[in-house]
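Let me see the structure of the following:
(3 chains)
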Amino acid sequence: MIEIRGLTVAFGAVSVIHALDAVLDAPVCGLIGPNGAGKTTLVNLLSGFVPARAGDVRVNGTALLGMNAAHRVRFGLRRSFQTEQVVEDLSVWDNVQAMLDHVPHALDQVDAQVYRALEHAGLLDCAAVPGAELDLYRRRMVEVAKALVGVPRLILFDEPGAGLDERESRLLRDAIAAIPECFGAQVLLIDHDVDLIAAICTQTLVLDFGHRLALGATRAVLEDPAVRQAYLGA
Amino acid sequence: MTPDSVRRERRAARFALLRMVVIVLAVGALVPWLANAYWIKTLTSSLALAIAAAGVALLYGQLGLVSLCQYALLGVGGWVALRAGHGLHWPFEACVLAGGLVAGVVGMLAGLPALRLKGLYLALVTLMLAGGFQVLISASGFPDGGAGFLGRISGSERLMLPRPAIAQGDGAYFAYVAAWLAAMLALLELHRRTRAGRSWALIRRGEAVAEGAGVNVLLYQTWAFGLAGVCAGVAGALLAGAVGQLDGRAFAAGESVMLFALTLIGGAYHWVGAVIAGLLLRAVPSLLVDLGVNGYLAMVLFGAALLHALITAPRGLAGQWLAALRRRAAKGRP
Amino acid sequence: MPDLLPFLISGLGVGAVYALSGVGLVVLYRSSGVLNFAFGALGAVGAYVAWSALDQGWPLVLAALAAVATSVAIALAYGRLLAPRLAERDPTVRSIGTLGLALIVLGFTEWFWGEQPRRLVLPTDAGAIEFADVRLTHTRVLGLAIAVAMMAAVGALLARTRIGLAMRALADQRGLSAILGIRVLQVDTVAWVISGAFAGVCGLLLANIVRLQATVLTFLVIPAFAAAIIGRLSSLPVTVAAGLVIGMLEAIAVLVPGFAPFRAATPFLIALLAIVLWRDVSRKA
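All right, here's what the predicted structure looks like:
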């Protein structure tokens, strides 16, 4: 569960997120909004890449803002970036194991954990392939697999399916949707694909110019006239 | 619980490591039978310098860091080894280790303030350090049997650093240095294959990516600096043992620049590149002199080769040749 | 202490060259992102050309022009032919390319003219003026005047001309500037010409003040780097001030007891100090 109270994020004089209040408790939450709404900034804040000007954030009851980025990763926070970040010279297996290196884990569980993550992401058949030779779909799935090792608590996906075709999007969608049940982590998903959000997120937060526009059950949110006007263009 | 492909890859990696050690040791054993006295000495220096080059390659190939002071760290290692050998009468191995460790610590301390800055600043800072060391060592010289901190003695009483008992002769010392080279290369390769290497790879991809994975970027960069320093220090100590003494005038800042340039030319991504760099630093100039070619023309060649390496062959000579070998091998297979 | 003055003034001479070199380095870096490690080597080859010209009986002005022309020609050749091949790479790689140029130029110079140290004796060395107990040759005075004039000229170029504006724009955003219609090639050419010209003049002055020896001249550029670092590779006034201060401190360092043999390390110490104090200058991108 993510509890955000009075969160303000500003760069100099430009306020990107204004006094945001939100409680996100669904297993898979969506985060949508027009470009420049502050979605990526919120994810950057949660993962510790930008500081907060004011406000408070708690994840599963633990205060997040006092921890630095590495500490948050050890706590169980994971994120993907808008552009995939697969390391070219490492194999798929090593890319995922690299993630496990820096979070608490039992030494005899390393292979088992990496195996399980790759299995969930459907990457076992290319485990030894170096990152440089992967196609876009596999690279996106590596990002998913990386999030699954080392007891994740909150996973932030920032447009994880950008550039994938319909079949690949569906595979990605199913993998993400099953994460809470299989790995016990909450997922926060940013995407512009409204169908994807509608299909797997039970709760959605809509941001517009750094303000909360709507928060609630996804269906209700998507039918909200304010949301339709600002974002869906209805 | 690992897929077969991963198990095969790990086996291949272990085999490659073993093959590297065997090849280097074999070279150490065979060359003394094939080469004359002059060439054994030259090649001994080349192998020692290859260790230093391996350190430079680690920083550049694994982390994209440009260090232009590694030859100065070689001087630090040599100084410590000479001081320990003459003043404290430590056994040779201890002198080498001491030289390596001190140079490693100095490398880490030198790297720390600079690592927070842009890559170019690091190159400049290390160049400053190399320049500072040049002034320092020209004035103070290397220990050669005297008393006091600097350990300097005058004229004909200068001592040579005694070689280890098992490697007194030139041929035996060559094999000894080859053994050290194999050990250092193995150390670096083991780093590369484990957590350190994966963390370095993440840092190479981008600092944000590495931090997003919980990597302490500064720690891993500093550690790499320390390792590179150890490589340089060990090389310096071995050079001191090869010649018996070191000359304070031979540690100009330009040597560090040359070492860097030749490591890039040899190839910063494979151990063969480090060996090529060592050969380019010592053996090729000797060869050219033998053939009557002016040594300075070699410098022109190296400059051109550096530009060529940067523009067209980022993996250096080693990268090009190994790729060609792989293509031949692939064609050979049905 | 009254006896500091002679040292300060003599240090000012070298300091002016450091300042001039620093400006030459920073101007090129600001507009093309390349730190010219070959600056010193370019100066060295120019100085040797001047030496040969003077040896052949050429008048001073022509010899100096030949020197500067050589440095400019080589810099321009690199800037237009080789530097573009590295344009897509990160700044560090682009600057290491100039290391290659430095080796080529240095190697050629040592091969062609031989490595024995020489003196670059200029006709203007003959006359001198007395200033506060210090004997300044006309060369030094002229050199100081030229240095000041060149730095002022570059300052004016950057601040008041269109090409200067373009150079400042390029420093910030190279790709964007190209899209905005700024002719990147033209600006690059000017930047490399300036860098080459400055290198040539500095080479002549240093060869006269120190000695004419290629390796020495090539690596005398390191104190200029120190000045550039203190100017954070961007501020010309600070670079100039830093160069002058470094020159003067290096001269005074002779007076510090016990430090004399190490006084050549003064520029490095100052630069290192600057780096350590300004650690938060620019976080790695």
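
what residues does the stretch 51-200 of chain C put near chain B?
C:82, C:85-86, C:89-93, C:95-97, C:99-108, C:110-111, C:115 (CB under 8 Å from any CB of the partner chain). All C-beta atoms are positioned from the backbone trio N, CA, C, and that covers glycine.

PyMOL command to pick out the buried ones of those?
Buried residues within these, by 16 or more other CB atoms under 10 Å in any protein chain shown, are selected in PyMOL with:
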select buried, chain C and resi 82+86+91+92+93+95+96+97+99+100+101+102+103+104+105+106+107+108+110+111
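
Just the ones of the residues of the stretch 51-200 of chain C next to chain B in strands?
With DSSP state E as the criterion, strands contain none of those.

Okay, and the residue most central in space within chain B sits in which element?
Central residue of chain B (CA atoms, centre = their mean): B:Ala52, 1.3 Å from the mean position. Using DSSP states H and E, B:Ala52 maps to helix B:37-57.

Now for A:Leu20: which residues touch it?
A:Ile4, A:Gly6, A:Leu7, A:Thr8, A:Leu42, A:Gly55, A:Leu207, A:Gly210, A:His211, A:Arg212 (CB atoms under 8 Å, 6 or more residues apart in numbering or on different chains).

Out of those, the closest to chain C would be?
Of all the contacts of A:Leu20, the one with the least separation from chain C (CB to the nearest CB) is A:Leu42, at 22.7 Å.

and the residue lying closest to the closest one once chain neighbours are set aside, how many neighbours?
The spatially closest residue to A:Leu42, leaving aside those adjacent along the chain, is A:Ile17, at 6.3 Å (CB to CB, 6 or more residues apart in numbering or on different chains). A:Ile17 has 26 neighbouring residues, counting by other CB atoms under 10 Å in any protein chain shown.

on that earlier part again, with just CA atoms, put the helix holding B:Ala52 into PDB.
The C-alpha trace of helix B:37-57 is given here as PDB (Å, rounded to 0.1, in the frame of the first residue of the first chain):
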ATOM      1  CA  ALA B  37      69.500 -12.700 -23.500                       C
ATOM      2  CA  TYR B  38      68.600  -9.200 -24.800                       C
ATOM      3  CA  TRP B  39      65.100 -10.200 -25.800                       C
ATOM      4  CA  ILE B  40      64.500 -12.100 -22.600                       C
ATOM      5  CA  LYS B  41      65.100  -8.900 -20.700                       C
ATOM      6  CA  THR B  42      63.000  -6.800 -23.100                       C
ATOM      7  CA  LEU B  43      60.100  -9.300 -22.900                       C
ATOM      8  CA  THR B  44      60.300  -9.500 -19.100                       C
ATOM      9  CA  SER B  45      59.700  -5.700 -19.100                       C
ATOM     10  CA  SER B  46      56.900  -6.200 -21.600                       C
ATOM     11  CA  LEU B  47      55.100  -8.800 -19.400                       C
ATOM     12  CA  ALA B  48      55.500  -6.600 -16.300                       C
ATOM     13  CA  LEU B  49      54.100  -3.700 -18.100                       C
ATOM     14  CA  ALA B  50      51.200  -5.900 -19.400                       C
ATOM     15  CA  ILE B  51      50.100  -6.100 -15.800                       C
ATOM     16  CA  ALA B  52      49.900  -2.300 -15.500                       C
ATOM     17  CA  ALA B  53      48.100  -2.200 -18.800                       C
ATOM     18  CA  ALA B  54      45.600  -4.700 -17.500                       C
ATOM     19  CA  GLY B  55      44.800  -2.200 -14.800                       C
ATOM     20  CA  VAL B  56      44.300   0.600 -17.300                       C
ATOM     21  CA  ALA B  57      42.100  -1.700 -19.300                       C
END
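
which of the residues in that helix are buried?
B:39-57.

Residues of chain A that sit close to chain B?
So chain A meets chain B at A:47, A:49, A:69-70, A:73-74, A:79, A:81, A:85-91, A:93-94, A:97-99, A:101-103, A:111-112, A:114-115, A:118, A:124-129, A:146 (CB under 8 Å from any CB).

One more pass at 6 Å, please.
Applying CB under 6 Å from any CB of the partner chain, we find that chain A lies next to chain B at A:69-70, A:73-74, A:79, A:85, A:87, A:89-90, A:93-94, A:98-99, A:101-102, A:111-112, A:115, A:124, A:127-128.

Ignoring the adjacent residues along the chain, who's closest to the residue nearest to the centre of chain B?
In space, B:Ala52 is closest to B:Ala235, 3.9 Å off (CB to CB, 6+ apart).

Tell me the secondary structure of the most centrally placed residue in chain A, please.
Geometric centre of chain A, nearest residue: A:Leu156, 1.6 Å, by CA atoms, centre = their mean. Secondary structure, DSSP: H, G, I helix; E, B strand; the rest coil: A:Leu156 is strand.

Tell me what angle the helix or strand harbouring B:Leu188 forms with helix B:37-57.
Per DSSP H and E: B:Leu188 is located in helix B:170-193. Relative orientation of helix B:170-193 versus helix B:37-57 (axes from the mean of the first three to the mean of the last three CA atoms, to 10 degrees): 10 degrees.

for helix B:170-193, packing partners?
helix B:4-34, helix B:37-57 (3 or more CB pairs under 6 Å, 6 or more residues apart in numbering or on different chains; DSSP states H and E).

buried set for that helix?
So, applying 16+ other CB under 10 Å, buried residues of helix B:170-193: B:170-182, B:184-186, B:188-189, B:191-193.

got the residues of chain B near chain A?
B:1-3, B:5-6, B:9, B:195, B:198, B:201-202, B:205, B:209, B:211-215.

Which among those residues count as buried?
With burial judged by 16+ other CB under 10 Å, the buried subset of the residues of chain B next to chain A is B:2-3, B:5-6, B:9, B:198, B:201-202, B:205, B:209, B:211-215.

so of the residues you listed, which ones are in helices?
B:Ser5, B:Val6, B:Glu9, B:Arg198, B:Ala201, B:Leu202, B:Arg205, B:Val209, B:Glu211, B:Gly212 (DSSP state H).

In CSV: the helices and strands packed on helix B:170-193, plus mean pLDDT.
Shown next, in CSV, are these (pLDDT from 0 to 100):
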stretch, mean pLDDT
helix B:4-34, 92
helix B:37-57, 94
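
among those, which is nearest A:Arg228?
helix B:4-34 (48.9 Å; CB to CB).

Now do the closest one: which elements does it pack against?
Helices and strands touching helix B:4-34, as assessed by 3+ CB pairs under 6 Å, 6+ apart, comprise helix B:170-193.

Determine the angle, from 0 to 180 degrees, between the helix it packs on and helix B:4-34.
Using the same axes, to 10 degrees: helix B:170-193 against helix B:4-34 is 170 degrees.

I'd like the average pLDDT over helix B:170-193.
Here helix B:170-193 scores 94 as its mean pLDDT.

After the helix or strand bottoming out on mean pLDDT in chain C, which helix or strand is next?
In chain C, the helix or strand scored least confidently by mean pLDDT, DSSP states H and E is helix C:174-179, which has a mean of 66. Per DSSP H and E, the first helix or strand lying C-terminal to helix C:174-179 is helix C:184-209.

Going along the chain, name the strands of chain A.
A:2-11, A:14-24, A:28-32, A:54-59, A:62-63, A:77-79, A:154-158, A:186-190, A:203-208, A:211-217.

Now the second one: average pLDDT?
Per-residue pLDDT over strand A:14-24 has a mean of 89.

Give the buried residues for that strand.
Quick answer for strand A:14-24 (16+ other CB under 10 Å): A:Val16, A:Ile17, A:His18, A:Leu20, A:Ala22, A:Leu24.

Likewise for the first one?
Buried residues in strand A:2-11, counted by 16+ other CB under 10 Å: A:Ile2, A:Glu3, A:Ile4, A:Leu7, A:Val9, A:Ala10.

still on that earlier bit, ok, so of the buried ones among the residues of chain B next to chain A, who is nearest chain C?
Among those, B:Glu211 lies closest to chain C (CB to the nearest CB), at 11.6 Å.

Noted, bye for now.
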